[in-house]
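Colleague: Sequence first, predicted coordinates after that:
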Amino acid sequence: MKKIISIFGVVCLMFSACQSLDVPPLNIITDDDLLTNEIGLKTYMANVYRNLPIEDFYYRPGNGFGRDWQQFYAMGGICGEILGPFWGNSNENGFGYWDNAYTWIRNINHLIEMLPTTAQGTISEQSYNHYLGEAYFCRAFIYFALVKRYGGVPLIDKEQKYPEQSLEELQLPRSKEVDCWRFIGQDLDEAARLMGETSERGRANRYTALAIKSRAMLFAGTIAKYGADNFVEGVARDQGFAGIPASDAQGFFQQAYDAAKAVEGHASLYKKKFSDSYDDKIANYVELFLDSDSPENLLIREYSLSSNTAHSWDATMTCRYMTADGLSRAYPNYELMRLFDGGNIRVVDDNGYPIRFEKRGDIRNGVEPRLRAIVYFPDDELRGLTFDIQHGIYDHLDRKAADEVMTSPNSRQGLEMASGSNILYSKDPSMRVIGLCGINTGPDGDNTRSGFYMRKYIDYSKPKDDCGLYRSTTHWIAVRYAEVLLNRAEAAFELGMKDDAANCINEIRERAGAILVDRAIFNNDPAENGVIVENNGRDIIRNERRKELAFENHYWWDLRRWRIADKMMDNTIYNALYPYYIYDEQKYIFLDEEQAYTNNRFTFNKRFYYEGLPGGELNKNPNLYPNNPNH
């Protein structure tokens, strides 16, 4: 019996789905040990799931999928969805993922080939089919991660064996990108056929496979439709390794639609605490990301202290004032907030003068509940503490907002700037110049740079002393039903099924507490220049994705597949919204200005729609050439 050098023996300590299994650590495990019984198979699959390229709390651009406490290096930072001191130019942020991918493809191929001889007849037919289906699902998931980065890659559907096979036999060439997407679709079809309708939490089932298929086929369809004329020239493009023929777009859109439609009735939007109450809609949306048993979850990744997989989200998304340790470096983009109902907060009057507010928190009035649920505003509370966000104090202010913003902060009218987060204003010892979690006063501070803080995935029930590094166990939702509805809406629109697209969008907006969209707008023709103007169905759908999936590591890939990253990030600077206190009026104002102590300019070159193949792999396998254009 073939022996496998094992890293599976410790998997039960790494993956929460297996924590109840009492499997002793082993150095050498045979196929008979692993692949002939439920415990061994569950152990094998647990490690496969643990190594799936899920872009979760830990995923860091340029650093891959390794464990890292610095969760503020999130993907939203490369496209301006999240603001902070570290991001700006998006071109050089590598997303390399290759060696580990093919290691796990080999392990999965081994499983697919061995199961008929090791497990069939030793476990129930239902379990056998489900494990086999999971293998196809995981292989497709890994290939999806490869193809969205590199385009065409070598397709390997059999276990490669050395030295039984020569190096020449193992040096496979790239497949065309369109064939890679077809392969992914076929694997997901096989997964959906074999797997059951339900599964243990953290594992895939039939509807997980269909959900991922809707994501992958939509990705391929948009590349085919919008990518043909918006990518740099090169041999790889000419030969079909980077890019998909436009003629294939409708077929991929149809597959995306059919897969998403098939999930209907087998998952639902989270409405556990839902009612018509404004506050209840906020609470419902907050709980959506904290309830691991939500009917919206189609695949989650779990974390635990006992398995040493806990993350640091609660310690790194809010400032030290509200946590045990860590520090924040990632803050919601005000431009994103403007897309929500009421999010484009009116802070100047008709004559251009700053509007006065009795309290800082008054700017929350009338904004969409979903926005309140994903962003902490000034005067919101967390763990019994108040977000007393403030940037400074004016003795007096009688200028227009635009004139004031154009003035250097240190020479503004009557403004005394603080040099620390707790400096007191001289005329009134009870008034802080900036709050304890106010605006950064220097490049190294950990207070907000946008005027707001992240709320999505924050566990508000954890006490402050428990919000430390590697102390958070909130699960990550890898696939949820709201995304499936968005995939369906987009595919439906591209297929001309505009009523169905509008229905999906309104189902999401109704749960969010947002205004339902006018169906007539879906009949407007979208502009072809790639700029989102939201006077048509396509742009409404795209912006709805941006809002609903905010901070979930989707927007960066959406910009790339729509081929509008170079337009949306054209030397772009994103602004912040900062509150100030007017001393002689005892009122607050807000100024829409560039974020403090950061000069982030977001740019994107068309050649980065595809990554270059890793140089080391090209050296080992010359059959991988041609490399992607301009790499």
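Modeller: It's in.
Colleague: the strands in the stretch 401-550 of the chain, which residues?
Modeller: All strands of the stretch 401-550 of the chain, identified by DSSP state E, counting those that start in this stretch, fall at 415-416, 453-454, 476-480.
Colleague: what's the closest of those to residue 135?
Modeller: Each of the strands of the stretch 401-550 of the chain has some distance to residue 135 by C-beta to C-beta; the shortest is strand 476-480, at 17.4 Å. All C-beta spots, glycine's among them, are computed from the backbone N, C-alpha and C.
Colleague: Please identify the pairing partners of the closest one and their relative orientation?
Modeller: With DSSP bridges as the test, strand 476-480 is paired with strand 297-301 (antiparallel).
Colleague: can you tell me the average pLDDT over the partner strand?
Modeller: Across strand 297-301, the average pLDDT comes to 98.
Colleague: Alpha carbons only: can I get it in CSV?
Modeller: The C-alpha coordinates for strand 297-301 follow below in CSV (Å, rounded to 0.1, in the frame of the first residue of the first chain):
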residue,chain,number,x,y,z
ASN,A,297,-24.3,30.9,5.2
LEU,A,298,-23.4,28.4,2.4
LEU,A,299,-19.8,27.9,3.5
ILE,A,300,-17.9,29.3,6.5
ARG,A,301,-14.4,29.0,7.9
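Colleague: Apart from its chain neighbours, what residue comes closest to residue 457?
Modeller: Of all residues not flanking residue 457 in the chain, residue 289 sits nearest, at 5.0 Å (C-beta to C-beta, 6 or more residues apart in numbering).
Colleague: Verify the contact between the one you found and residue 474 for me.
Modeller: Yes. With contact defined as C-beta atoms under 8 Å, residue 289 reaches residue 474; the gap is 7.3 Å.
Colleague: any common contacting residues for those two?
Modeller: residue 457 (C-beta atoms under 8 Å, 6 or more residues apart in numbering).
Colleague: These two: which is more packed in?
Modeller: Neighbour comparison, residue 289 and residue 474: the larger count goes to residue 289, with 25 against 20 (by other C-beta atoms under 10 Å).
Colleague: From the contact counts, what lies against the biggest helix by length in the chain?
Modeller: Scanning the chain for the helix with the most residues, using DSSP state H, yields helix 125-150. Under the contact definition 3 or more C-beta pairs under 8 Å, 6 or more residues apart in numbering; DSSP states H and E, helix 125-150 sits against helix 38-50, helix 99-118, helix 177-194, helix 206-226, helix 555-561.
Colleague: How much space separates residue 169 from residue 161?
Modeller: 10 Å (C-beta to C-beta, to the nearest Å).
Colleague: Same check on residue 131?
Modeller: 22 Å.
Colleague: Minimum distance to residue 65: which of the helices and strands packed on helix 125-150 has it?
Modeller: helix 99-118 (7.4 Å).
Colleague: quick revisit: ranking the strands of the stretch 401-550 of the chain by burial, who's on top?
Modeller: Mean neighbour count (mean count of other C-beta atoms under 10 Å) peaks for strand 453-454 among the strands of the stretch 401-550 of the chain, with a mean of 26.
Colleague: Just name the shakiest helix or strand of the protein by mean pLDDT.
Modeller: helix 11-14 (a mean of 33; mean pLDDT, DSSP states H and E).
Colleague: In this structure residue 439 contacts residue 388, no?
Modeller: No. The pair residue 439 / residue 388 is not scored as a contact, 11.1 Å apart, by C-beta under 8 Å.
Colleague: So between these two, which is more surrounded?
Modeller: residue 439 (25 against 16).
Colleague: list the contacts for the more buried one?
Modeller: 389, 390, 391, 447, 448, 449, 451, 576, 578, 596.
Colleague: repeat for residue 382
Modeller: 318, 322, 376, 458, 460.
Colleague: Can you select the buried ones among those for me in PyMOL?
Modeller: In PyMOL, selecting the buried portion of the contacts of residue 382, with burial taken from 16 or more other C-beta atoms under 10 Å, looks like this:
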select buried, resi 318+322+376+458
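Colleague: Tell me the one of the contacts of residue 382 nearest residue 401?
Modeller: The closest of the contacts of residue 382, once distances to residue 401 are taken by C-beta to C-beta, is residue 376, at 23.8 Å.
Colleague: so what's the closest one up against?
Modeller: Residue 376 neighbours (C-beta under 8 Å, 6+ apart): 318, 382, 387, 452, 453, 454, 455, 458.
Colleague: Next: residue 525.
Modeller: With C-beta under 8 Å, 6+ apart, residue 525 has these contacts: residue 536.
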